[in-house]
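Enquirer: how does the following fold in three dimensions:
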Amino acid sequence: MAQGRLGRQWTVEYTGRGKVVVPAQAKVNILIVDDEQVHRFMLRSLFAEWGWEATEADDGSTAVAAVEQGPFDAILMDVRMAIMDGMEALRRIHAINPAIPVVIMTAFSSVDSAVAAIKQGAHDYLTKPLDFDRLRTTLEVAMGHRQRENDSLDIGQPFGDDGRIIGKSIPMQELWEMIVHVAPTEATVLINGESGTGKELVAVALHHKSQRAKGPLVKVNCAALAETLLESELFGHERGAFTGADRRREGRFVQAQGGTLFLDEIGETSPSMQAKLLRVLQEHELQRVGGQETIKVNVRILCATNRDLAEEVAKGRFREDLYYRLNVVELWVPPLRERQGDIPLLTNYFFRSFAEKNSRLVSGISPECMDVLNRYPWPGNVRELEHSIERGVILMRGDYLDIGALPLVIQRWAGVNAPKEMEEPSTLKEAEKVLILKTLEETGGNRSEAARRLQITRKTLLNKIKSYHIG
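Expert: Modelled structure (predicted):
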């Protein structure tokens, strides 16, 4: 149900997949930013009559600090202020939480500044002296627009059954334009980006929009296999080629004939494997391990890495000739901290998906929780956000997802006194397991970063994760 005016009651009935809403018991909270105390007092009194709460800030810098501390449903901000003007404050506020609608107040003679603010991301502007009816309508529309964005699932283009690229931010729009432009070609593509950003989804998109879309898309994680196993995985092997090879096996190159081969974590391959890959790319042919037959291959290669391969080449850890073979076209997948405007879309999508998957009768996400999710730096990127929402849906106790159901590392970042999750370890192995779990949590599941912090190789970390049965 919803009452005609915002601020009294605002809830959305469960539709089977959940909604992100303002809970009925929560009052609307508007941040008033104006260096005139009398004007702030007048607005606060007016909002109280409407059943709204208000927080005051006497300057743009104070407003930025307030947004860093807590959630607001909307911001009403003057343009001209002494220490930090509204334009600079708008820029900084959107860097912290781009989901908050900002309505600009300005004198009639400064309308040009208000128009510039709209171009910078403000929701709307009002001229002083304020028309109270228009003020209320404008703020209600702003908050309603934010709600519709949270409720909507306009999240990008689907690519078969393998997933979606979710996002409408400028960095994601630019990435999408590159995908559309490059996909129909036969160019080898190197997909760069931090762990957890969604590089595999980009590879899926490139394949499904390519001329090879009807052919197979074969994926190989180069970091998950030892060198000898990786060679057999890619090129296949003959019967008796090594112990346990009781029959001939076709490799991933042959399996991908007429389609696309996606080599994930290409930066983790050894120099000898790099040489073998280079030969296949140059000659378009290969031999199975232990075999003499030359097999022609017709595949398009897509690669992904979270390493700076140019730097790896400079340090002698990656072949320069292979680097140029792979880097015909380079795509960069932005980290989540550079596309904060997509966080509400991603959160909503994951929340609905996991609520449906786990048959949870849920209503939505609390404003406080959404505010924390918008402001958290997400070192593990989209993967960390996805796992955090999955955990939250499973552990939430009420109708709304709140901060208490989020991972402990996010709770501590938000200043919540989270309980200890594990007892003190009593053995060396238990202590090592706890340390690995803690480091993985702090890095949002980014195993490469966790290995770096633990000062061990990524393969060693993967072996320990397997031995300790860490999910």
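Enquirer: show me which residues of stretch 277-297 are buried.
Expert: For stretch 277-297, burial by neighbour count (16 or more other Cβ atoms under 10 Å) applies to 277-278, 280-281, 286-289, 291, 295, 297. Where C-beta positions appear, they are placed from N, C-alpha and C, glycine not excepted.
Enquirer: for stretch 454-471, same thing?
Expert: Those would be 454, 458, 461, 464-465, for stretch 454-471 by 16+ other Cβ under 10 Å.
Enquirer: stretch 358-369 too?
Expert: 360, 362-369.
Enquirer: and for stretch 51-59?
Expert: Applying 16+ other Cβ under 10 Å to stretch 51-59 flags 52, 54-59 as buried.
Enquirer: distance to residue 413, secondary structure and pLDDT added to those residues, as a markdown table?
Expert: Shown next, in a markdown table, are these (distance: Cβ to Cβ, whole Å; DSSP: H, G, I helix; E, B strand; the rest coil; pLDDT from 0 to 100):
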| residue | distance to residue 413 | secondary structure | pLDDT |
| --- | --- | --- | --- |
| 52 | 29 | coil | 91 |
| 54 | 27 | strand | 91 |
| 55 | 22 | strand | 92 |
| 56 | 27 | strand | 92 |
| 57 | 23 | strand | 91 |
| 58 | 28 | coil | 91 |
| 59 | 27 | coil | 90 |
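Enquirer: quick check, nearest of those residues to residue 28?
Expert: residue 52 (4.5 Å; Cβ to Cβ).
Enquirer: can you pull the phi and psi angles for that closest one?
Expert: phi -100, psi 150 (degrees, to the nearest 10).
Enquirer: equivalent analysis for residue 236, please.
Expert: phi 80, psi 180.
Enquirer: which residues does it form beta bridges with?
Expert: Residue 236 has these beta-bridge partners by DSSP bridges: residue 250.
Enquirer: ok, it touching residue 256?
Expert: No. Using Cβ atoms under 8 Å, residue 236 is not in contact with residue 256, being 11.8 Å away.
Enquirer: quick check: buried residues in stretch 230-246?
Expert: So, applying 16+ other Cβ under 10 Å, buried residues of stretch 230-246: 230-238, 241.
Enquirer: so which of those are in helices?
Expert: 230-235 (DSSP state H).
Enquirer: and residue 345, helix, strand or coil?
Expert: Of the three states, residue 345 takes helix according to DSSP: H, G, I helix; E, B strand; the rest coil.
Enquirer: try residue 187
Expert: Following three-state DSSP, the label given to residue 187 is coil.
Enquirer: residues contacting it?
Expert: By Cβ atoms under 8 Å, 6 or more residues apart in numbering, the contact list for residue 187 reads 328-329.
Enquirer: one more time with 10 Å, if that's ok
Expert: Residues near residue 187 by Cβ atoms under 10 Å, 6 or more residues apart in numbering: 206, 300-302, 328-329.
Enquirer: which of those residues are buried? Put it as a PyMOL command.
Expert: In PyMOL syntax, the buried subset of those is picked out as below (16+ other Cβ under 10 Å):
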select buried, resi 206+300+301+302+329
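Enquirer: tell me which residues form a beta bridge with residue 104?
Expert: Bridge pairing for residue 104 - DSSP bridges - gives residue 77, residue 125.
Enquirer: and it, how far is that from residue 86?
Expert: 6 Å (Cβ to Cβ, to the nearest Å).
Enquirer: residue 429 now?
Expert: 57 Å.
Enquirer: between those two, who's got more neighbours?
Expert: A count of neighbours by other Cβ atoms under 10 Å puts residue 86 above the other of residue 429 and residue 86, at 29 against 12.
Enquirer: what about residue 184, how many residues nearby?
Expert: Residue 184: 13 neighbours (other Cβ under 10 Å).
Enquirer: please apply the same query to residue 40.
Expert: 19.
Enquirer: so where does it fall, helix or strand?
Expert: helix 37-49 (DSSP states H and E).
Enquirer: just residue 432 next, same as before
Expert: Going by DSSP H and E, residue 432 is in helix 428-442.
Enquirer: tell me the helix or strand right after that helix.
Expert: helix 447-454.
Enquirer: just checking, what packs against that next one?
Expert: With contacts defined as 3 or more Cβ pairs under 10 Å, 6 or more residues apart in numbering; DSSP states H and E, the secondary structure elements packing on helix 447-454 are helix 428-442, helix 458-467.
Enquirer: put together TSV for these, with mean pLDDT on each row.
Expert: Below are the helices and strands packed on helix 447-454 laid out as TSV (pLDDT from 0 to 100):
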stretch	mean pLDDT
helix 428-442	78
helix 458-467	83
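Enquirer: and those: which comes nearest residue 193?
Expert: helix 458-467 (16.6 Å).
Enquirer: now do that closest one: distance to the chain's middle.
Expert: 25 Å (Cα atoms, centre = their mean, to the nearest Å).
Enquirer: then stretch 341-351?
Expert: 8 Å.
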